[in-house]
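1. A predicted structure for the sequence below; I have some questions about it.
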Amino acid sequence: KKFPGKTAGEIYAKVDAVMEGIARRHSLDYRKDAGARTGEVAKLGATGRYAVADGEVTVELKFPMLIPGPMRKKVEEDIERKLDGLFA
């Protein structure tokens, strides 16, 4: 997701806050590296990783084979909505 004109620090602060909340609400393990501006949430074999650079954040999701397609799509859409509202 691109955020033209935003610095990596600005984006990381927002993404970190969102990820903290998601991890807390869903009892996910959340590991982050503020220096590298990266983070990861995980639970039961599902992982979501992000990396922040100037003007953008990259998200990578991995699900175990047992997670049904509709659930994967729901998670992906939820993340997209959260990113869309990051600086709204």
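-> Good, I have the coordinates. Numbers count the residues shown, from 1 in each chain.
2. who's in contact with residue 9?
-> Contacts of residue 9 were listed using CB atoms under 8 Å, 6 or more residues apart in numbering, and they are residue 37. No exception for glycine: its C-beta is placed from N, CA and C like everyone else's.
3. change it to 10 Å
-> The contact partners of residue 9, by CB atoms under 10 Å, 6 or more residues apart in numbering, come to 34, 37, 52, 54.
4. Repeat that for residue 16.
-> By CB under 10 Å, 6+ apart, residue 16 lies in contact with 30, 32, 34, 37, 39, 50, 52.
5. and if you look at residue 61?
-> 41, 46-50, 72, 75-76, 79 are the contacts of residue 61 under CB under 10 Å, 6+ apart.
6. Which members of the residues you listed are the farthest-apart pair?
-> 50 and 72 (17.0 Å; CB to CB).
7. The two: which is more packed in?
-> Between residue 50 and residue 72, residue 50 has the larger neighbour count (other CB atoms under 10 Å), namely 24 against 13.
8. my read is that one is in a strand, agree?
-> Yes: under DSSP: H, G, I helix; E, B strand; the rest coil, residue 50 falls within a strand.
9. Can you name the residues bridging to it?
-> residue 39, residue 59 (DSSP bridges).
10. Mind checking which of the contacts of residue 61 are in strands?
-> Here DSSP state E is the test, and these give 41, 46-50 as lying in strands.
11. Would you format these as JSON lines with pLDDT and distance to residue 64 included?
-> Output for these, formatted as JSON lines (pLDDT from 0 to 100; distance: CB to CB, whole Å):
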{"residue": "41", "pLDDT": "93", "distance to residue 64": "15"}
{"residue": "46", "pLDDT": "89", "distance to residue 64": "6"}
{"residue": "47", "pLDDT": "93", "distance to residue 64": "10"}
{"residue": "48", "pLDDT": "92", "distance to residue 64": "13"}
{"residue": "49", "pLDDT": "96", "distance to residue 64": "15"}
{"residue": "50", "pLDDT": "96", "distance to residue 64": "19"}
